[in-house]
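Q: Show me the folded form of this:
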Amino acid sequence: MQRPAPQLGHGMALTRRLDSLLSALLDTRADRALTRRQILGVLLGTSVSLAASSALGRSSQALCLLTPPQTEGPFYPIEDQLEKDNDLTRVKGRAGRAKGQVIYILGQVRDAQCRPVEGARVEIWQASANGRYNHPRDLRNPRPLDPNFQYRGTRLTNKEGRYLFKTIKPGQYPAGPDWIRPSHVHFKVHTAGLPELTTQMYFAGDPYHERDYILNDLPQHERTRVIVQLERPRRDMEPDAGVCRFDLVL
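A: Prediction:
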């Protein structure tokens, strides 16, 4: 089945709704910087305070470990599409919704010093729910294309370095003899002054993690940084949707 030519984006109303949803989903307390008074308290406090400061420093360093890069893969989009906003579940001009479980991916882009990166272009591409890419190299895949799925999306980070995508949990698919690729979403982050990052995001509990050559090419301690947990949706979301957080450190 040939996918019709992509059309223009969904408009400002949808963008505002997703931005509002992003703000509601985030717990900003986890990312709040220390105030000047708190810093002085640590510097001038007792040895107990200094020990706490050391522990806090180690924790901050852990939060700012670089996201492990991974292969771009054979299905990076080679043809541009007019519609590549941050809602991949619908295609303008079509009444249907993409098949599969809706997921919301939210996160923050930061540099190695934990500073938010505003205006970074976060790009994702992925297979549909049945494990098919909209790509010429996947033409031998007998699974049909989903005409209501966008397959690719982009989003610029806001002032706090945050982004949000609404998409579908991608399907698994055979990648070679005795090799089934687990569900995953491809990411590429472009921003001025920092190296480009290409990586992949996986979902906890997938039975194909143990035999995936790409995921297992990462050291064990780095794999946890690219595997996310699906959480329950908010009341204003689809009841069977999942929410996950995927921070990206460049």
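Q: could you give the mean pLDDT of the longest strand along the chain?
A: Using DSSP state E to define each element, the chain has its longest strand at strand 102-110. Mean pLDDT, strand 102-110: 98.
Q: Also stretch 216-227?
A: The average of the pLDDT scores along stretch 216-227 is 97.
Q: what comes up buried for it?
A: Neighbour-count burial for stretch 216-227, counted by 16 or more other CB atoms under 10 Å, picks out 218, 222-223, 225-227. Yep, even glycine has a C-beta here, placed from its N, CA and C like the rest.
Q: cool, stretch 68-82 as well?
A: By neighbour count with 16+ other CB under 10 Å, stretch 68-82 contains the buried residues 68, 70, 73, 75-76, 81.
Q: which ones among the buried residues of stretch 216-227 are found in strands?
A: Using DSSP E, the members of the buried residues of stretch 216-227 that fall in strands are Ile227.
Q: Out of the buried residues of stretch 216-227, flag the one nearest to Asn141.
A: Using CB to CB, Val226 is the member of the buried residues of stretch 216-227 that lies nearest Asn141, at 24.4 Å.
Q: thinking the closest one is in contact with Leu66, fair?
A: No - counting by CB atoms under 8 Å, Leu66 is not a contact partner of Val226; they are 11.6 Å apart.
Q: residues contacting Glu196?
A: Shown in contact with Glu196 (CB atoms under 8 Å, 6 or more residues apart in numbering): 188-190.
Q: Would you state the helices of this structure in chain order?
A: 12-25, 36-44, 47-63, 220-223 (DSSP state H).
Q: Leu194 and Pro207, how far apart?
A: Counting by CB to CB, to the nearest Å, the gap from Leu194 to Pro207 is 35 Å.
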